[in-house]
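Undergrad: After the sequence you'll find the predicted model.
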Amino acid sequence: QSTQTNMSGLKLSGDKPIQIESDKLEVRQDENLAIFTGNVSVVQGPTLLKAGILKVYYLKDQAAGKDGSKSAAMAGPALGGSTNIDHLEVDGTVYLKSDDQVATGDRGTFDMKSQVLVLTGSKVVLSQGDNILTGCKLTVQMKSGLANVDGCSKGGSGRVMMSISPDSAKKP
Amino acid sequence: MLARTTDPEGKDDIVVAPKRGEIPSERAVAFDNAQRHSRRVRFLKLALPTLAAIIAIAFPVYSYLKTPPAVPVQADGSAFSNGKLVMANPKLEGFTKQNLPYSMKALRAIQDVSKESIIGLEGIDAKLPLDKDTSATVGASQGVYNRDANTLELAKDITMTTTSGMVVKLKSAFLDMAKGNMKTNDPVDIVTRGSHIQSDSMSVEDGGKVLVFEKRVRVNLEPGALKTASDKSGEPNAAQ
């Protein structure tokens, strides 16, 4: 069973600068992979993402970078060359906040192409102000801002718990 | 050991020996001695010159092979001052394990006579291959090169630019020229197209394939850098 709500805030867009901070960063040129570990925080405009580990996968087919030189692409990841990101993976208790909406979970992936964010975990909580939605899987379509929370079918009752506080009901 | 002249009459007999040839058996003995002697002479006439020739050839070949492949250090001029050898514009080249060329030039090299393998360098300009496509040029004001370990330790501000457009600024660096690795425990500032990385320590491992930044890593990705795949395909990114 799943419930949909609107979460326009949660977004990682390509046209705004992003600051990433962490204790450690390992860039693997061959695997086009950059791994941030140790209280990672990603800030882009109003959106804040906190996690234990952030893995950034770059597009493989960057062999012939737009400037043609293979080496530029090879140094790709966070180091020069085209940095087209394929997808991000976050792990180790994820906290995602944007404007007044907060989502938390154990793990998450964010696919840049389809602009879909998926947060999973034993207890995924999506809250906006006083309204709280808990379930096992949160899927947010960044483009449309549509958020979809699925219940935990395996364990629990498979139902999504949703509590809407009276005063917020009045707002449009 | 001069060969004895084969004198048939045996005039150079030994004073003590009885006059040869009186008793028939003695004549036979003398004949055998002479025969053995001449055989020995015939052998030595051949053996000694060839032995000399062999030695003459073996010695230079042996000594050529034995000399250590000294790293060719050319220097324009060198002077000797207070126990230190000072070389001007030293230049040094070699190959890393992955058989990639590295080279190092400096304004001045100072070598303490007692510690022959340690060379103090000033005004360093080194070229370090990262992989077969990319190489890095490292400039530093001061450094110490260890000839045996083939490592270069740099101090004060160092700038490293790679052919892939990466500019690295460091406070100190330890370069292992043979393996193509680098390590520093001081703040690092890296600017590349589209991203800016800062951290308090960094190491380049596996010949430049793996870069590890540690202690307060801060990364800024400029907008242009993070072109999402979708942008490329023309779909507008959903406005906030």
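TA: Now that the structure is in, tell me what you want to look at.

Undergrad: Just read off the phi/psi values of B:K97.
TA: phi -60, psi -40 (degrees, to the nearest 10).

Undergrad: Pull the contacting residues for the residue nearest the centre of chain A.
TA: With distances taken as Cα atoms, centre = their mean, A:F110 lies nearest the centre of chain A, 4.5 Å away. Contacts for A:F110 (Cβ atoms under 8 Å, 6 or more residues apart in numbering or on different chains) come out as A:L12, A:H87, A:L88, A:E89, A:V90, A:V116, A:L117, A:V118. Quick note: C-beta positions are derived from backbone N, CA and C, even for glycine.

Undergrad: pLDDT on the helix or strand harbouring B:L65, on average?
TA: According to DSSP states H and E, B:L65 maps onto helix B:24-66. Rounded to a whole number, the mean pLDDT of helix B:24-66 is 87.

Undergrad: hmm, back to that, mind putting the contacts of A:F110 in JSON lines, neighbour count, pLDDT and distance to chain B included?
TA: Shown next, in JSON lines, are the contacts of A:F110 (neighbours: other Cβ atoms under 10 Å in any protein chain shown; pLDDT from 0 to 100; distance: Cβ to the nearest Cβ, whole Å):
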{"residue": "A:L12", "neighbour count": "23", "pLDDT": "65", "distance to chain B": "8"}
{"residue": "A:H87", "neighbour count": "17", "pLDDT": "85", "distance to chain B": "9"}
{"residue": "A:L88", "neighbour count": "21", "pLDDT": "87", "distance to chain B": "11"}
{"residue": "A:E89", "neighbour count": "17", "pLDDT": "92", "distance to chain B": "16"}
{"residue": "A:V90", "neighbour count": "27", "pLDDT": "93", "distance to chain B": "15"}
{"residue": "A:V116", "neighbour count": "15", "pLDDT": "87", "distance to chain B": "11"}
{"residue": "A:L117", "neighbour count": "25", "pLDDT": "87", "distance to chain B": "13"}
{"residue": "A:V118", "neighbour count": "16", "pLDDT": "91", "distance to chain B": "17"}
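
Undergrad: The closest residue to A:I164 other than its chain neighbours bridge partners, please.
TA: Nearest non-adjacent residue to A:I164, counting by Cβ to Cβ, 6 or more residues apart in numbering or on different chains: A:N131, 4.9 Å away. Here A:N131 sits in beta bridges with A:Q128, going by DSSP bridges.

Undergrad: A:K24 now?
TA: Assigned bridge partners for A:K24, using DSSP bridges, are A:T37, B:E214.

Undergrad: Could you double-check that it sits in contact with A:G38?
TA: Yes: using Cβ atoms under 8 Å, A:K24 makes contact with A:G38 at a distance of 5.2 Å.

Undergrad: out of the two, which sits in the more crowded spot?
TA: A:K24 (18 against 15; other Cβ atoms under 10 Å in any protein chain shown).

Undergrad: Any regions of chain A where pLDDT drops low?
TA: Within chain A, the segments meeting pLDDT under 70 span A:1-2, A:4-15, A:60-83, A:154-158, A:166-172.

Undergrad: all helices for it, in order.
TA: In chain A, the helices defined using DSSP state H lie at A:70-74, A:166-170.

Undergrad: Which one of the residues in chain B is closest to chain A?
TA: The minimum distance from chain B to chain A, using Cβ to the nearest Cβ, falls at B:T192 (3.0 Å).

Undergrad: for that residue, phi and psi?
TA: Here B:T192 shows phi and psi, under degrees, to the nearest 10, equal to phi -130, psi 180.
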